[in-house]
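Visitor: The following block contains a protein sequence and its predicted model.
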Amino acid sequence: MKIGILQTGHAPDELRPTIGDINNLFERLLDGQGFTFETFAVVDGDFPDGPDTCDGWLITGSKHGAYDDLPWIAPLESLIHDVYRIGRPLVGICFGHQIIAQALGGKVEQFKGGWAVGRQTYDWQGEQIFLNAWHRDQVVQRPADATPVASNAFCENAALVYGDRIFTVQAHPEFDSTFIDGLIKARAGTVPPALIETAKDNLTKDVDNTHLATQIGAFFKGVKS
């Protein structure tokens, strides 16, 4: 099964030589589940020929906002509509979660409550899940056909499903402690110091990336959970 990675951002320059770019994080996350991958750097204007180019699609995170006036945002929203129309499975992570919600009638904005950085706890349909996050924007109004499956006190719409067609997550199952540590060093200046210190303290604690990787893989393969 071929998964098209719609890359909407790049890893910080300081991290790429050792960790790779954003698409590489997802290739490693989903490794061993029988997928092949093709990356389209939509952030740089590289788009697939159409929604049927791949068997499934994944939209990555980004430093940009879904509401930003950028030349690739509208074409990406159009592609989201096309993928949804033909029924190919679509996964969105962080920015991907947000741009899909925006494209399908939801609302995304800078959250008045501030940032979520590092290891977070989510109520995932009654199960406690730990994932790394790095965001200030949130889906503050979900589309009519989106159902929440995860939340916490800070982020009401932490994960959404749209029937059996779309699965989106605000947090970053592709971010391990090494990547979070790198982000702390590269981008800490925009985040309140107290949140950075808490994120540092949590670097050695476990997260449920493997659990989410299994869920994403099952979603692409059409296995109901």
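Guide: On my side now, so go ahead.

Visitor: How many residues are close by G45?
Guide: Residues near G45, counting by other Cβ atoms under 10 Å, number 10. C-beta: built from backbone N, CA, C; applies to glycine.

Visitor: How about A101?
Guide: 28.

Visitor: Ok, T190 next?
Guide: There are 9 residues near T190, going by other Cβ under 10 Å.

Visitor: Let me see the ranges of the strands in this structure.
Guide: 2-6, 36-40, 56-59, 90-93, 107-110, 116-124, 127-135, 137-141, 147-151, 159-162, 166-169 (DSSP state E).

Visitor: roughly how far is the first one from the heart of the chain?
Guide: The gap between where strand 2-6 is centred and where its chain is centred comes out at 13 Å by Cα atoms, centre = their mean, to the nearest Å.

Visitor: Equivalent analysis for the fourth one, please.
Guide: Here strand 90-93 shows a centroid-to-chain-centroid distance of 6 Å under the convention Cα atoms, centre = their mean.

Visitor: Which elements pack onto it?
Guide: strand 56-59, helix 73-86, helix 95-103, strand 166-169, helix 209-221 (3 or more Cβ pairs under 8 Å, 6 or more residues apart in numbering; DSSP states H and E).

Visitor: Let's see that with 6 Å instead.
Guide: With contacts taken as 3 or more Cβ pairs under 6 Å, 6 or more residues apart in numbering; DSSP states H and E, strand 90-93 sits against strand 56-59, strand 166-169.

Visitor: Mind putting those strands into JSON lines with mean pLDDT?
Guide: Converted to JSON lines, these look like this (pLDDT from 0 to 100):
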{"stretch": "strand 56-59", "mean pLDDT": "98"}
{"stretch": "strand 166-169", "mean pLDDT": "98"}
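
Visitor: so can I have a markdown table of those strands showing mean neighbour count?
Guide: Converted to a markdown table, the helices and strands packed on strand 90-93 look like this (neighbours: other Cβ atoms under 10 Å):
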| stretch | mean neighbour count |
| --- | --- |
| strand 56-59 | 24 |
| strand 166-169 | 25 |
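
Visitor: For the ones you listed, give me CSV that also has distance to W134.
Guide: Below are the helices and strands packed on strand 90-93 laid out as CSV (distance: least, Cβ to Cβ, whole Å):
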stretch, distance to W134
strand 56-59, 16
strand 166-169, 13
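
Visitor: bridging residues for the residue nearest to the spatial centre of the chain?
Guide: In the chain, the centroid-proximal residue (Cα atoms, centre = their mean) is I93; its distance is 1.1 Å. Beta bridges link I93 to V169, judged by DSSP bridges.

Visitor: which ones are touching it?
Guide: Listed by Cβ atoms under 6 Å, 6 or more residues apart in numbering, the contact set of I93 reads 60-61, 169.

Visitor: mind running it again at 10 Å?
Guide: 8, 22, 25-26, 29, 58-62, 167-175, 212, 216 (Cβ atoms under 10 Å, 6 or more residues apart in numbering).

Visitor: just V43 next, same as before
Guide: V43 makes contacts with 6-10, 22, 60, 62-64, 70, 72-73, 76, 95, as judged by Cβ under 10 Å, 6+ apart.

Visitor: Filter those residues down to the buried ones.
Guide: 6-10, 22, 60, 62, 64, 72-73, 76, 95 (16 or more other Cβ atoms under 10 Å).

Visitor: so which pair among these is furthest apart in space?
Guide: Farthest pair in the buried ones among the contacts of V43 (Cβ to Cβ) is I22 and I73. Separation: 17.1 Å.

Visitor: This completes my enquiry, with thanks.
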